[in-house]
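J.: Provided below for reference: sequence and predicted model.
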Amino acid sequence: MRRAIACLVVAFLALTGCRGTYIPEPDRRVRVGVLLPLSGPLGSYGKACEEGIRLWAEGNPRVDLLWEDDHGDAAASAEAFRRLDRAGASVVIGPVTSTCAFAVAPLADEARLPIVSPSASHFDVTRGHAYVSRVCFVDPMQGSALAIFARENLGVTRIAALLQKDEAYTKSLSEAFRQAFHHLGGVVVLVEEYEAGATDFGPILSRVKESGAEALFAPGFVHEVAVLMKQARLAAPGLRILGGDGWDSPELFAEAGPAAEGHFYTSQFAPTDKDEVVARFVASYRARYSREPGMFAALGYDAAERVSQCLADGTREGVANALSSTPAFRGVTGSMTFDADRNPMKPVVILRTLADRAVFETRVTFGPR
């Protein structure tokens, strides 16, 4: 059955073969734009990415970083990208969200200025955009992985879904989950929506209980999810909540407290991984910031490393060509192979939440078991 789910994912991702790597010219300085939400409700994601990028930059003195804060807003992201274009950036790291990436993608093509997103996971972000790349897995992968985990590991057959209204990320991830869950014999018994900034999930939780759902799929962002967890602990004790990589922030545990415990979400990084590449990154990050890195710090670092791999002669066209013709990359979030649309295929990590942190639960890979 997992082989069948893998086919669903591979239908999106037709992998290419290796064509070599690029070695940057040693004395040429390159301007690299960085476009992140450094303030606003998504600021924790951007700041984590920033830390990973700054750690990378310490070992890359030939790079000048140009910083822009898009506040997690699509219009602001587009305007910030235009400023980076005018400033002469050769490549841009960002944006973080799919909504902002959709706003920037056509501008990147028009300016012939390549972007590498750390975490914009909607499948269509790169489709038809030759100057758009990323290092995160796409929603069909994490949605399918979470469906496999829900059915095979948790034994869930009936689940409810809760999405943020007008948010591309939650809708894309939910559709991928629904298709895979259905293929595995599960049923999505209820679909609900909420507005960004919602603070009252009581009526929705009542309907979830009435639906007979054994778990709740809620692929939102940390502030709303933290509120949901606290209210679910009182209104629906024992309800397991499953989410996507948008949960991956220390703020989730700071805001939810003990109510965070007992849930699961997809991620692209586990700091406890014994892999040598991961261990070196974690050690460097701890030495620099005195704490463990999370997923967004790791993705920020990987996006910067991917840029470094593809700097070529430092020109926009050279970077764009390298991103399209260098399909293999070993990052701290895993070994990646890129398809023709510059989407990576890599394992999906499942984390289990405690009251104060998330711990490794399992890893889902696609292919023969």
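T.: On my side now, so go ahead.

J.: so what's Gly43 closest to, chain neighbours aside?
T.: Pro37 (5.7 Å; C-beta to C-beta, 6 or more residues apart in numbering). In this view, the C-beta of every residue, glycine as well, is placed from N, C-alpha and C.

J.: mind listing the helices for this structure?
T.: Secondary structure of the chain by DSSP state H: the helices cover 2-10, 43-57, 74-86, 98-111, 139-148, 168-183, 202-211, 222-235, 250-256, 276-289, 295-309, 316-325.

J.: what's the fifth one in contact with?
T.: Here helix 139-148 makes contact (C-beta atoms under 8 Å, 6 or more residues apart in numbering) with 2, 5, 8-9, 12-13, 121-123, 169, 172-181, 183-184, 186, 217, 242, 244-245, 264-266, 345, 348, 350, 364, 366.

J.: hmm, back to that, next, the contact list for the residue nearest to Gly43, please.
T.: If a contact means C-beta under 8 Å, 6+ apart, then Pro37 has 43, 45-46, 69-73, 95-97, 100 as its contacts.

J.: please repeat the previous calculation with a cut-off of 7 Å.
T.: With contact set as C-beta atoms under 7 Å, 6 or more residues apart in numbering, Pro37 has these partners: 43, 45-46, 69-72, 96.

J.: closest one of those to Leu55?
T.: Gly46 (15.0 Å; C-beta to C-beta).

J.: and the closest one, how many neighbours does it have?
T.: 28 (other C-beta atoms under 10 Å).

J.: and if you look at Gly185?
T.: Summarising burial for Gly185: neighbours were counted as other C-beta under 10 Å, giving 9.

J.: what do you get for Ala74?
T.: Ala74 has 18 neighbours, counted by other C-beta under 10 Å.

J.: and it, what does it touch?
T.: Listed by C-beta under 7 Å, 6+ apart, the contact partners of Ala74 are 99-100, 103.

J.: same check, this time on Ile159
T.: Neighbour list for Ile159: 150, 181, 186, 188-189, 213-215, 217 [criterion: C-beta under 7 Å, 6+ apart].

J.: quick one: which two of those are the most distant?
T.: The largest distance within the contacts of Ile159, taken as C-beta to C-beta, falls between Ala150 and Val189 and amounts to 13.2 Å.

J.: of those two, who's got more company?
T.: Remark: of Ala150 and Val189, Ala150 carries more neighbours, 25 against 16, as counted by other C-beta under 10 Å.

J.: list the contacts for the more buried one?
T.: For Ala150, the set of contacting residues under the criterion of C-beta under 7 Å, 6+ apart consists of 156, 159, 181, 186, 215, 242.

J.: Val32 contacts Val63, correct?
T.: Yes - counting by C-beta atoms under 7 Å, Val63 is a contact partner of Val32 at 5.2 Å.

J.: among the two, which residue is more densely surrounded?
T.: The neighbour comparison of Val32 against Val63 (other C-beta under 10 Å) goes to Val32, with 24 against 21.

J.: in stretch 54-69, what's buried?
T.: If you call a residue buried by 16 or more other C-beta atoms under 10 Å, then stretch 54-69 has these buried ones: 54-57, 60, 63, 65, 68-69.

J.: ok, stretch 244-254 next?
T.: Per 16+ other C-beta under 10 Å, stretch 244-254 contains these buried residues: 244-253.

J.: quick one: the spatially most central residue of the chain and Asp356, what's the gap?
T.: Residue closest to the mean C-alpha point of the chain, counted by C-alpha atoms, centre = their mean, is Ser119 at 3.6 Å. Computed with C-beta to C-beta, to the nearest Å, the distance linking Ser119 and Asp356 is 23 Å.
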